[in-house]
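J.: My questions are about this predicted structure, shown below with the sequence.
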Amino acid sequence: MASSALTKPQMHGLLAKCLWFHIAGAFFVSLGVAAFYKFAVAKPRKKAYTDFYRNYDSMKNF
């Protein structure tokens, strides 16, 4: 009698459900990493190059 009260585990569509969850998670994590890289690495690097070459004199360096 007690075994009839248990619900059956989901078997049909389980792989598709798990894959959708992991693909969506990977998409949002990759967006976060790309935004972090852009604002934490690329923009400061670009600013450093522009600041360096703003007053750079190649003849003086030569």
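T.: Great, that's in hand. Numbering: from 1, shown residues only.
J.: drop to CA atoms for contacts and neighbour counts, all remaining ones
T.: Fine.
J.: Okay, now the unreliable bits of the chain?
T.: 1-3 (pLDDT under 70).
J.: Just the helices from it, written as ranges.
T.: Listed in chain order, the helices of the chain (DSSP state H) span 14-37, 43-54, 58-61.
J.: Now render these as TSV, adding mean neighbour count.
T.: Formatted as TSV, these follow (neighbours: other C-alpha atoms under 10 Å):
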stretch	mean neighbour count
helix 14-37	11
helix 43-54	11
helix 58-61	6
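J.: And the ones you listed: which comes nearest Ala5?
T.: Closest to Ala5 of those, according to C-alpha to C-alpha: helix 14-37, at 22.0 Å.
J.: follow-up on the earlier one: compile the helices of the chain into a markdown table and extend it with columns for distance to Leu6.
T.: A markdown table is the format used below for these (distance: least, C-alpha to C-alpha, whole Å):
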| stretch | distance to Leu6 |
| --- | --- |
| helix 14-37 | 19 |
| helix 43-54 | 57 |
| helix 58-61 | 79 |
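J.: of those, which approaches Ser4 most closely?
T.: With C-alpha to C-alpha as the criterion, Ser4 lies closest to helix 14-37 of these, at 22.4 Å.
J.: Now do that closest one and helix 43-54, the angle between them.
T.: Relative orientation of helix 14-37 versus helix 43-54 (axes from the mean of the first three to the mean of the last three C-alpha atoms, to 10 degrees): 30 degrees.
J.: Centre of the chain to helix 14-37, how far?
T.: Offset of helix 14-37 from its chain centre (C-alpha atoms, centre = their mean, to the nearest Å): 8 Å.
J.: cool, stretch 21-41 as well?
T.: 1 Å.
J.: who wins for proximity to Thr7 among the helices of the chain?
T.: helix 14-37 (15.5 Å).
J.: List the contacts of that closest one.
T.: Outside helix 14-37, not one residue touches it by C-alpha atoms under 8 Å, 6 or more residues apart in numbering.
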